[in-house]
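Just a sequence and a predicted model for now, questions to come.
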Amino acid sequence: MIVDFLQAPSLLRWWRELRPGARRAILIGVAAVLVAGIPVCLLAGASPALPPVALFLLVVAVRPFPGLIYLAAVFCMPLGLWMTGVQALFGHAFGGRDYALSLSSAVVACSLLAVTLLRRPPRGRALLAGAVVIVVLGVWSLIGFADHGITQTLVGDRLTTLPLILFVLVGALTVREITLLVSVLAGMVIANAVAAVVEYIIGPAELVALGFEPERGVRLIGDTFRAPGLTEVNAELGLLAGGFLLGYAALWLVRDLRPRRRLWHVAAGAAAVALALSTNRTGALLLAGGLLSAVVLNRGGGAAMRKRARFIGFGTMVAVALGFVAIGATGSSSTFERFQVWGNLLASGAPWYGLGVGGVGAATGSRVSSSATLVFVDNYFVSISLQLGIPILIAVVALVGWALFRLSRGSERRPYLAVHLALLAGLALASLMVETWEYAAAMMCLVVFWAYTAKTAAAADEAEVAAVVTPVIPRPRQDQDQDQPAQQAESGR
């Protein structure tokens, strides 16, 4: 039964295929665990919320699709989970640890990765790529252990590997599940936009009085309020909105992939509002840079399609610029300050082989960090050079350039690669201004749209091949001369 549970295409299908007796046994067992577990926890001094929370985490940790929905909620709506008491519930269940919800997402992601690899073992190039990643992370994790300790390095490992884990998990889903996942993300983007509008109306002073954390949930740059939506900080909201808008707009570049669902259209409009209210220019760069790069580098679709792509790209850039002007977010001082930060970091004396994973960036500001202060980088390529060294940076830049070249060249024969071209180019350009790779919500949007494009195009190709290969067998026709005697005999009777 356990093997069937892990390998079933969906929970609903697994439940329907069970015998009535097995269903009753499962329901009775779950009820017994909850009924007996709560008093046991009370007697042992643990939280009575532990049994239901642990049971929920057990389910999402072994079922990829429900698990990915859970991860999306934790990544895209952490502030919403705090406001609704979910974060407090998880913290109470695990002994008052307020970081339990965030930590559970990492545990669930790793568990889902193990389940996915067991169901679909990697082969060929995928196996080789995984081996290279493991070796690189292993070597530079050891360097990090020696430089800044085990816990900070492990936080850096989580930030570095999470997008790769998401890529494996989402890529293993079916077309239907990925489509549903896009719709789930669309709903979360709409919720973030509504929250951002409400926050903008309430104002920063009232939000602080309601318990929002100053300089994080409530940020003011000059007189401009930067709304966080349901994320923890405005940069997360901006990159989430920019990532969803980029994926949505890039689908319009390919005729067979144009969005048809109303929810996606509404979410695109909501993402535009959220991006403007967040005042996050990196999210705007992610969107505009990805689309313009796809317009320039795309070779497929014909002249009419490329003309439409240019209209979409430049129109999006103008719309984003007008939105930022409308709310007064037109300053550029923070952009120029980044150049000084990068220069100081590169001149800090880091060895050519790097400080190890977690040496700079978000890992230095974690709860278990051994660093005295948070080391901002605001450029993921500089962060790579400081953590993994110059050789790895050269390899990453070369890999990105090679991938862009291959996608541009391949888009002539496979038009859907224009979407992948936009996503990768947008990620590379946004990484010049912030550590986009470490923003889980934005990376989940990019990964989901990447997988949706690839799986949808592959399904369409398979259907086309099946239609061509399958022979059409005409219905046999009876000879009229043979039917005539039978008809005469019938009439004689």
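That came through fine.

Tell me where the stretch 251-400 of the chain has strands.
Ranges of strands in the stretch 251-400 of the chain, per DSSP state E, counting those that start in this stretch: none exist.

quick one: low-confidence ranges for it?
Along the stretch 251-400 of the chain, segments meeting pLDDT under 70 span 300-336, 339, 349, 368-373.

if we go to 90?
Along the stretch 251-400 of the chain, the model assigns pLDDT under 90 to residues 252-258, 260, 276-285, 288-289, 291-355, 358-379, 382-383, 386.

Secondary structure element holding Leu181?
helix 175-202 (DSSP states H and E).

try Ile28
helix 20-44.

Mind listing what's buried along the very next helix or strand once past that helix?
Using DSSP H and E, the helix or strand that follows helix 20-44 towards the C-terminus is helix 50-60. Residues 50-53, 57, 60 are the ones in helix 50-60 that count as buried (16 or more other Cβ atoms under 10 Å). Quick note: C-beta positions are derived from backbone N, CA and C, even for glycine.

what's the distance between helix 50-60 and the middle of its chain?
23 Å (Cα atoms, centre = their mean, to the nearest Å).

Then stretch 57-68?
On Cα atoms, centre = their mean, the centre of stretch 57-68 falls 16 Å from the chain's centre.

neighbouring contacts of it?
5-6, 10-11, 69-70, 104, 107-109, 111-112, 115-116, 166, 169-170, 172-173, 177, 180-181 (Cβ atoms under 8 Å, 6 or more residues apart in numbering).

same deal with stretch 105-115?
6, 57, 60-62, 64, 67-68, 70-71, 74-75, 158, 162, 165-166, 168-169.

Report the rounded mean pLDDT for the helix or strand encompassing Lys455.
Secondary structure from DSSP H and E places Lys455 in helix 440-469. For helix 440-469, the mean per-residue pLDDT is 82.

now for that helix, which elements pack on it?
helix 64-76, helix 150-171, helix 175-202, helix 234-251, helix 417-430 (3 or more Cβ pairs under 8 Å, 6 or more residues apart in numbering; DSSP states H and E).

how is the chain carved up into domains?
Domain assignment for the chain by automatic domain parsing gives 2-105, 106-464.

just the ones you listed: most buried one?
Stretch with highest mean neighbour count among the domains of the chain: domain 106-464 (a mean of 19; mean count of other Cβ atoms under 10 Å).

ok now it, how far from the chain's centre?
Relative to where its chain is centred, domain 106-464 has its mean C-alpha point 8 Å off (Cα atoms, centre = their mean).

Confirm that Leu173 sits in a strand.
No - per DSSP: H, G, I helix; E, B strand; the rest coil, Leu173 lies outside any strand segment and is coil.

show me the contacts for it.
64-65, 68, 181, 451, 455.

name the element Leu118 belongs to?
Counting by DSSP H and E, Leu118 is part of helix 100-119.

Can you name the next helix or strand after that helix?
Toward the C-terminus from helix 100-119 - assigned by DSSP H and E - lies helix 124-148.

Who are the packing partners of that following helix?
Counting by 3+ Cβ pairs under 8 Å, 6+ apart, helix 124-148 packs on helix 150-171, helix 380-388.

angle of that helix against helix 380-388?
70 degrees (axes from the mean of the first three to the mean of the last three Cα atoms, to 10 degrees).
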